[in-house]
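Q: please work out how this folds:
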Amino acid sequence: MSNAIRIHRHPLSGHAHRAQLFASLTGINHELVDVDLLSGEHKKEAFLSLNPAGKVPVLEDGEVVVADSNAILVYLARKYAPDWMPKDTVGEAEVQRFLSLAANEIANGPAAARLITVFGAPLDADRAKTIAAGVFGQLEAHLDGRDWLVGNRPSVADVAIYSYTAHAPEGNVGLDGYPNIRALLARIEALPGFVPMQATKAGLAA
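A: The predicted structure is shown next:
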C-alpha cells in the first residue's frame, strides 16, 4: 500500500479503533499494524522508539509520528479531512470539550469497566459504572434534539466517543436507558466507510 499512513493498534483497543475508524470514514489511505500487547511487544525497544509511553495507537505518516488517539484524530482531520473539524472557534472549542470527555470520563467510566471484564484489569468496577452513568447522562441530555455532538454534521467529536460507548455493554454498562446515544451510534455506523471494532463476549453480551 503506497503512501499509506500506518496505524499501530491492537484490535480490542477502543483508543486504536478511534484512529482506524476515522481513517476509514474519511477515506485516508492507511495500513493497520497489529501490536501484540499480550507478548509485551508495546514495551520493547522498537515500539518504544515510536511511543515511549508504550501505548497504542501510534500513527506514522512518513517522518511524522503521532501518539495518543485524540491527538491522532486532530492531526488527521487537520491534514486530510478538514470538514471533520469545525472552522469556527466555538465549534472547535466544543470538539475539544468532547475530546477531553473521551480522555477522562469515558476512559475512566465505560472504558475502565470494559478493561475489567475483557482484560481482567484490577480496577474498581463500581466506580467505573458510576462514572459511566454520569457521562452517559451528560451525553444523553446534550443529544436531545441533535443528530451530532457538534454542529449539524459528524466531526472528530463523534468518532472520539464512539468506540468505548458502543462497546460499553462489554463492561456491564447498559445503553438501554439512553435512546439519544443509541441513535447517535446508529448514525455513525450508517456512515460510508464505517468499520466496527472487534467485539468480545464479555459483560452483558455473554
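
Q: any weak-confidence spans in the protein?
A: Residues of the chain that meet the criterion pLDDT under 70 lie in 1-2, 37-41, 43-44, 53-54, 204-206.

Q: could you list the domains of it?
A: Following automatic domain parsing, one finds the domains of the chain at 5-82, 85-205.

Q: dump the ones you listed to JSON lines, plus mean neighbour count.
A: For the C-beta atoms, the positions are set from N, CA and C on the backbone; glycine is no exception. JSON lines is the format used below for those (neighbours: other C-beta atoms under 10 Å):
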{"stretch": "domain 5-82", "mean neighbour count": "18"}
{"stretch": "domain 85-205", "mean neighbour count": "18"}
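
Q: who does the host helix or strand of residue 128 touch, helix- and strand-wise?
A: Element membership for residue 128, per DSSP states H and E: helix 125-142. When contacts are defined as 3 or more C-beta pairs under 8 Å, 6 or more residues apart in numbering; DSSP states H and E, helix 125-142 packs onto helix 107-108, helix 110-119, helix 156-166, helix 179-189.

Q: out of the ones you listed, which gets nearest to residue 73?
A: Residue 73 sits nearest to helix 156-166 of all those, at 4.5 Å, using C-beta to C-beta.

Q: what's the angle from that closest one to helix 125-142?
A: Here helix 156-166 runs at an angle of 140 degrees relative to helix 125-142 (axes from the mean of the first three to the mean of the last three C-alpha atoms, to 10 degrees).

Q: who are the packing partners of helix 156-166?
A: Helices and strands touching helix 156-166, by 3+ C-beta pairs under 8 Å, 6+ apart, are helix 14-25, helix 69-80, helix 89-101, helix 110-119, helix 125-142, helix 179-189.

Q: okay if I get these as CSV plus distance to residue 62?
A: Output for these, formatted as CSV (distance: least, C-beta to C-beta, whole Å):
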stretch, distance to residue 62
helix 14-25, 15
helix 69-80, 11
helix 89-101, 24
helix 110-119, 30
helix 125-142, 36
helix 179-189, 29
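
Q: among the ones you listed, which comes closest to residue 202?
A: Nearest of the helices and strands packed on helix 156-166 (C-beta to C-beta): helix 110-119, 4.0 Å.

Q: contact partners of the closest one?
A: Here helix 110-119 makes contact (C-beta atoms under 8 Å, 6 or more residues apart in numbering) with 12, 14, 121, 123, 125, 127-129, 131-132, 135-136, 164-165, 167-168, 170-173, 200, 202-203.

Q: try stretch 122-136
A: With C-beta under 8 Å, 6+ apart as the criterion, stretch 122-136 contacts 101, 105-106, 108-110, 112-113, 115-116, 165, 168, 171-173, 175, 178, 181.

Q: rerun that using 10 Å as the cut-off
A: By C-beta atoms under 10 Å, 6 or more residues apart in numbering, the list of residues contacting stretch 122-136 from outside reads 101-102, 104-117, 121, 161, 164-165, 168, 171-175, 177-178, 180-181.

Q: ditto for stretch 172-181
A: Against stretch 172-181 from outside (C-beta under 10 Å, 6+ apart): 109-114, 116-117, 125, 128-129, 131-133, 136-137, 139-147, 161, 164-169, 182, 184-185, 202-206.
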